[in-house]
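Enquirer: this is the structure alone, sequence omitted:
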């Protein structure tokens, strides 16, 4: 069952799409900032995984394909991160334009991830399943994040808002905390392939930096 907090948040976003968009926009930006911060190391870990398996269950060609996609997605996410920082400091008249740029950058990352799996030729079943699951999770989070942008952008057309509302209702986004938890579970899930399981064992991501986790006494992950 989806977290009740997510349902309330989405309901508020849809309501604010036609009313007080500024508060909703700020709420989405805060969550998106954390999601992007988690997506970047999550993408990097995928590249690390296939690099470890290169010459074993991953060919040099597939490694190059994933490295190229990882570099592109990483650059798009870094752009989103910088645009979010600009958005937070911008005046109200500049914010809709920045939201448009954020949507363009997330759409670019989405397009790269969408084209990744069809370009691969991994034949080892456990490795193929692992890469497919991780890429699918990354893509789902990017898609969900991008879908909400029109709902918090006052310059979006009514048609765009309607399509976005339908997509968000169909696939509610994970919070950053939920994404981290789901990613770690997916990446480190045992496959029965000892080499693959060893390669994924240490590829966790965290919602907070190491010092913050230490200072919290383990309360923050």
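Expert: In hand now; what should we look at? Because the structure is predicted, anything quoted here is derived from the model rather than measured. Numbers count the residues shown, from 1 in each chain.
Enquirer: residue ranges with poor pLDDT in the protein?
Expert: By pLDDT under 70, the weakly predicted segments of the chain are 1-27, 151, 164-165, 167-173, 208-221.
Enquirer: that one: helices as residue ranges?
Expert: Taking DSSP state H as the test, the helices found in the chain are 4-16, 21-53, 60-89, 95-116, 125-152, 158-170, 176-188, 194-200, 210-215.
Enquirer: want to throw these into JSON lines with mean neighbour count?
Expert: No exception for glycine: its C-beta is placed from N, CA and C like everyone else's. Output for the helices of the chain, formatted as JSON lines (neighbours: other Cβ atoms under 10 Å):
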{"stretch": "helix 4-16", "mean neighbour count": "14"}
{"stretch": "helix 21-53", "mean neighbour count": "20"}
{"stretch": "helix 60-89", "mean neighbour count": "17"}
{"stretch": "helix 95-116", "mean neighbour count": "19"}
{"stretch": "helix 125-152", "mean neighbour count": "21"}
{"stretch": "helix 158-170", "mean neighbour count": "14"}
{"stretch": "helix 176-188", "mean neighbour count": "18"}
{"stretch": "helix 194-200", "mean neighbour count": "16"}
{"stretch": "helix 210-215", "mean neighbour count": "11"}
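Enquirer: who's in contact with the closest residue to residue 183 other than its chain neighbours?
Expert: Among residues not flanking residue 183 along the chain, residue 42 sits closest, at 5.3 Å (Cβ to Cβ, 6 or more residues apart in numbering). By Cβ atoms under 8 Å, 6 or more residues apart in numbering, residue 42 lies in contact with 134, 137-138, 179, 183, 205.
Enquirer: repeat for residue 199
Expert: By Cβ under 8 Å, 6+ apart, the neighbours of residue 199 are 49, 52-53.
Enquirer: which of those residues lies closest to residue 73?
Expert: residue 49 (14.7 Å; Cβ to Cβ).
Enquirer: residues in contact with the closest one?
Expert: The contact partners of residue 49, by Cβ under 8 Å, 6+ apart, come to 130-131, 134, 187, 199-200, 203.
Enquirer: what two of the contacts of residue 42 have the greatest distance between them?
Expert: 134 and 179 (12.0 Å).
Enquirer: and the contacts of residue 42 as JSON lines, adding distance to residue 148?
Expert: Listed next are the contacts of residue 42 as JSON lines, based on distance: Cβ to Cβ, whole Å:
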{"residue": "134", "distance to residue 148": "23"}
{"residue": "137", "distance to residue 148": "18"}
{"residue": "138", "distance to residue 148": "17"}
{"residue": "179", "distance to residue 148": "14"}
{"residue": "183", "distance to residue 148": "19"}
{"residue": "205", "distance to residue 148": "22"}
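Enquirer: closest to residue 28 out of those?
Expert: Using Cβ to Cβ, residue 179 comes nearest to residue 28 of the contacts of residue 42, at 14.7 Å.
Enquirer: make sure that closest one is actually in contact with residue 35.
Expert: Yes: here residue 179 reaches residue 35: they are 6.2 Å apart, a contact under Cβ atoms under 8 Å.
Enquirer: shared neighbours of those two, anything?
Expert: Here residue 179 and residue 35 share the contacting residues residue 141, scored by Cβ under 8 Å, 6+ apart.
Enquirer: so residue 204 sits against residue 184, correct?
Expert: Yes: contact criterion Cβ under 8 Å: residue 204 and residue 184 qualify, at 5.0 Å.
Enquirer: how about residue 35: what's its closest non-neighbour residue?
Expert: residue 176 is the one closest to residue 35 (Cβ to Cβ, 6+ apart), at 4.6 Å.
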